[in-house]
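**Q** fold the following, please.
(one chain, ligands or ions: 1)
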Amino acid sequence: MAGLLFIVSAPSGSGKSTLVSRVRSLVEGLEFSISYTTRQPRGSETDGCEYHFTSREAFESMIAREEFLEWAEVFGNYYGTARSALDHARAMGKDLLLDIDVQGALQVKKHVPEAVSVFILPPSPEVLERRLRMRSEAEHVTAQEVIERRLAEARREVTRVNEYQYALVNDVLDEAVAELRGIVLAQRGSGDGVAELAASCRTGEPSARLLQALASF
Ligand code: 5GP
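**A** All right, here's what the predicted structure looks like:
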């Protein structure tokens, strides 16, 4: 394993968590960095599993001790990637995947220019709104304002897609899983026919599907 670093970003509600966890279960030797956050756990989330849930004070002490590779404030909460996650993966010779927002991705790119970046788009703002609404209903929060804020943020984030090497549209989950897996394997230099699939997700030569999704935002 080469010790590659993958950065995956997506607007909130793009279905990224499901996509990433499917790819992790399919690809060997791909570690996932568990971020620190000051937001409250949602649903069945547990400390140390999806996130390390922490207080603002503890998070700010970690910033002061320069323990983060990157950190950002997203929707009023802090989120950060511990430097130790990267050090650990490198020591084990494993590849590491970071699920972080656009601000964090740019910070990581500065420190690790060879990192491979992937942006995940929902097919359209309408689909994104539907997914955000379903999620908020499942969590028993009626929050039109929250949905509006997330949609506005998604529109801003989508404008940064060209700063990523790859972009894929999470419309049909199985296809998006195959594409993300294909990107990881192609970057590893595996020759099992994934190179073409990965190439179809390059932002430098956008596919018709990607252009259509981008135009809808
Ligand atoms: P959520 O609260 O929905 O789990 O995540 C909100 C946003 O924070 C998502 O865009 C997610 O990618 C981002 N995020 C999660 N962990 C980190 C992190 O460690 N650093 C940064 N910069 N963003 C993160």
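
**Q** tell me which element Glu175 is part of?
**A** Under the criterion of DSSP states H and E, Glu175 resides in helix 173-188.

**Q** packing partners for that helix?
**A** Helices and strands in packing contact with helix 173-188 are listed as strand 5-9, helix 16-26, strand 95-99, strand 116-121, strand 166-169, helix 195-199; criterion 3 or more CB pairs under 8 Å, 6 or more residues apart in numbering; DSSP states H and E. Placement of C-beta: from N, CA and C, glycine included.

**Q** please redo it, this time with the cut-off set to 7 Å
**A** Judged by 3 or more CB pairs under 7 Å, 6 or more residues apart in numbering; DSSP states H and E, the packing partners of helix 173-188 are helix 16-26, strand 116-121, strand 166-169, helix 195-199.

**Q** pull the distance from it to the chain's centre.
**A** Centroid displacement of helix 173-188 relative to its chain, using CA atoms, centre = their mean, to the nearest Å, is 14 Å.

**Q** skip the chain neighbours and tell me the closest residue to the residue of the chain found nearest the ligand.
**A** Here the residue of the chain nearest the ligand is Gly104; by CB to the nearest ligand atom that distance is 2.4 Å. With CB to CB, 6 or more residues apart in numbering as the criterion, Gly104 has its nearest non-adjacent residue at 4.4 Å, and that residue is Glu70.
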